[in-house]
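Enquirer: Structure, please.
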Amino acid sequence: MIRFRFDKNNTLLALITLLVIIGCSPEKKADYSNNATLIAVSKAQSEQLSLSTLSDSISYTLLDTPQELAIGQIDRILLTQKRFFVLDREIASALFVFDLNGKLIFDIQEGIGGPGEVLEFSDFDVSDQAQELYILDNNSKDIKVFDFAGELINRIRLPFFAASINVLGNEIAVFRNNQYVKGDNANNNQVVVFSKEGEMLRGFLPLSAENDYLSYHDSFRPLQSSDSSWIFSQALNDTIYEISGFTVTSKYVMDFGDKSLGKIEGGFFGVNDFLRSEQRMESQYLMGDTFENDDYLMSLFYAGKTYKYVFYDKLTQKANVVGKIDNDLDYVPYLHTKFVNNEVMIADLPAELLLSLDEQVEEVTEKTKKIKELIRNPVFEKENPILVLVHLKKWGNTNEAHSK
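Expert: Numbering: from 1, shown residues only. Okay, here's the model as predicted:
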């Protein structure tokens, strides 16, 4: 997860240029929307959401790495039953595996040489059931498979470059945007599913050159997996797809009204044209960062010079636009989190922010004493990011609070 935050100098706006590349929308002839749930975002009430609505507690984990290999930023993080998997793609150029107490188990660093070395950390995913770690390496155009002891056990060759991967059961979904499709005749789909043996099984959502819109690269993950399916957040036509087995359906369609990106006429000739355009500054569209469980859906969207969440309650079938999430559980301000599973969300807390907060604490209370405890921990001196674990409530405990 790259460190996006909504409450610190609008850094997310500054990073938009890193996230947008030229792409194309799916073919108009493909209609998957027969049974889609239409969410009228343009008519939804705006509100501020308290974190206590979704969570009953917050905990912190300090990551203990060698001083010479401290984590500079977290680009992606996953949690299994017994391990944290943390990727620092640019600064440390390594993937770290920690136990639940933050103690380093092993790391995999970028290198040139043997067949098991990773040349580029393009993306990764894990299979907790199989105890396997999958690393997408676009430099060598393959997926390297490691066991949970850090030993290479397999390589899956790819016929093309890819933006991200997700593992579900015995299959691997590979997402490709327009950057990786031009000039490649092997397969023209955005999502291609492989077996763990490397066999190309099927593809979904073909790309077309009819429209010059945008698709997103690796910072916002388009694919999220549940127990039996993948959720694919499509920014181009404000649609969230569900991919299950051999079928793809449009599960949710976001109605942004007249501000929908899909209503822009003419298209764009390049990224810079789009970023400077008045249409982009006034448009609204999904960002590809979506979480769904049995009870609710949350999806990040661009809302004309700012970023908000669509929060959809499946029980009441009510949608709200969340402009701000207030952390009323702790002294630490709300940080942009990644949904990990139905029980935990994770954000990373930079050391400099913690030091700044410590200077502001005059009276030690139940909400502020944790800051003092974290700073006194010897591991904190290494200035690694601190994991903030937001423990989600069962939805039966949150409906009453949310309805108020």
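Enquirer: now the helices: where do they sit in the stretch 301-404 of the chain?
Expert: Ranges of helices within the stretch 301-404 of the chain are 351-360, 369-376, 399-403, based on DSSP state H, counting those that start in this stretch.
Enquirer: whoops, the chain was the one
Expert: Taking DSSP state H as the test, the helices found in the chain are 11-14, 16-19, 271-276, 278-282, 351-360, 369-376, 399-403.
Enquirer: nearest spatial neighbour of residue 324, skipping sequence neighbours?
Expert: Nearest in space to residue 324, with sequence neighbours left out and distances taken as CB to CB, 6 or more residues apart in numbering, is residue 48 at 4.8 Å. C-beta coordinates here come from the backbone N, C-alpha and C atoms, glycine included.
Enquirer: Could you do residue 42 as well?
Expert: residue 257 is the one closest to residue 42 (CB to CB, 6+ apart), at 3.2 Å.
Enquirer: same question, residue 344
Expert: Nearest residue to residue 344, sequence neighbours excluded (CB to CB, 6+ apart): residue 389, at 5.6 Å.
Enquirer: Now do the contacts for that neighbour.
Expert: The contact partners of residue 389, taken as CB atoms under 8 Å, 6 or more residues apart in numbering, are 58, 59, 60, 61, 344, 345, 346.
Enquirer: Report the separation between the residue nearest to the second one when sequence neighbours are not counted and residue 151.
Expert: Leaving aside its sequence neighbours, residue 59 sits nearest to residue 389 (CB to CB, 6+ apart; 4.7 Å). Look at residue 389 and residue 151: by CB to CB, to the nearest Å, they are 28 Å apart.
Enquirer: what's the residue nearest to residue 75 when sequence neighbours are not counted in contact with, if anything?
Expert: Counting by CB to CB, 6+ apart, the nearest residue to residue 75 once its immediate chain neighbours are dropped is residue 89, at 4.4 Å. Residues touching residue 89, when contacts are defined by CB under 8 Å, 6+ apart, comprise 75, 76, 121.
Enquirer: burial measure for the residue nearest to residue 42, as a count.
Expert: Neighbour count for residue 257, taken as other CB atoms under 10 Å: 11.
Enquirer: likewise residue 195?
Expert: Under the neighbour criterion other CB under 10 Å, residue 195 is assigned a count of 12.
Enquirer: any idea how far it is from residue 348?
Expert: 34 Å.
Enquirer: Not counting its neighbours along the chain, what's nearest residue 121?
Expert: Across the structure, with CB to CB, 6+ apart as the measure, the residue nearest residue 121 apart from its sequence neighbours is residue 89 (4.9 Å).
Enquirer: Which positions in stretch 306-313 come out as buried?
Expert: Going by neighbour count (16 or more other CB atoms under 10 Å), the buried part of stretch 306-313 is 307, 308, 309, 310, 311, 312, 313.
Enquirer: Just the ones in strands from these, please.
Expert: Of the positions in the buried residues of stretch 306-313, 307, 308, 309, 310, 311, 312, 313 sit in strands, assigned by DSSP state E.
Enquirer: ok now do the third one, which residues does it touch?
Expert: By that I understand residue 309. Taking CB under 8 Å, 6+ apart as the definition of contact, the neighbours of residue 309 are 49, 298, 299, 300, 301, 321, 322, 325.
Enquirer: in the chain, which ranges drop under the pLDDT threshold?
Expert: Flagging of the chain using pLDDT under 70 yields the residue ranges 1-34, 113-116, 177-187, 207-222, 227, 234-237, 261-280, 395-404.
Enquirer: rerun that using 50 as the cut-off
Expert: For the chain, the stretches flagged by pLDDT under 50 are 1-32, 183-186, 209-219, 266-271, 401-404.
Enquirer: distance of the residue nearest to residue 59 from residue 338?
Expert: From residue 389 across to residue 338, the span is 11 Å (CB to CB).
Enquirer: again, but for residue 224
Expert: Look at residue 224 and residue 338: by CB to CB, they are 10 Å apart.
Enquirer: cool, residue 393 as well?
Expert: In this structure, residue 393 and residue 338 are separated by 18 Å, where distance is defined by CB to CB.
Enquirer: Those two: who's more crowded?
Expert: Under the criterion of other CB under 10 Å, the comparison of residue 393 against residue 338 puts residue 338 first, with 20 against 17.
Enquirer: Pretty sure the residue nearest to residue 324 sits against residue 322.
Expert: Yes: the pair formed by residue 48 and residue 322 meets the contact definition of CB atoms under 8 Å, at 7.3 Å.
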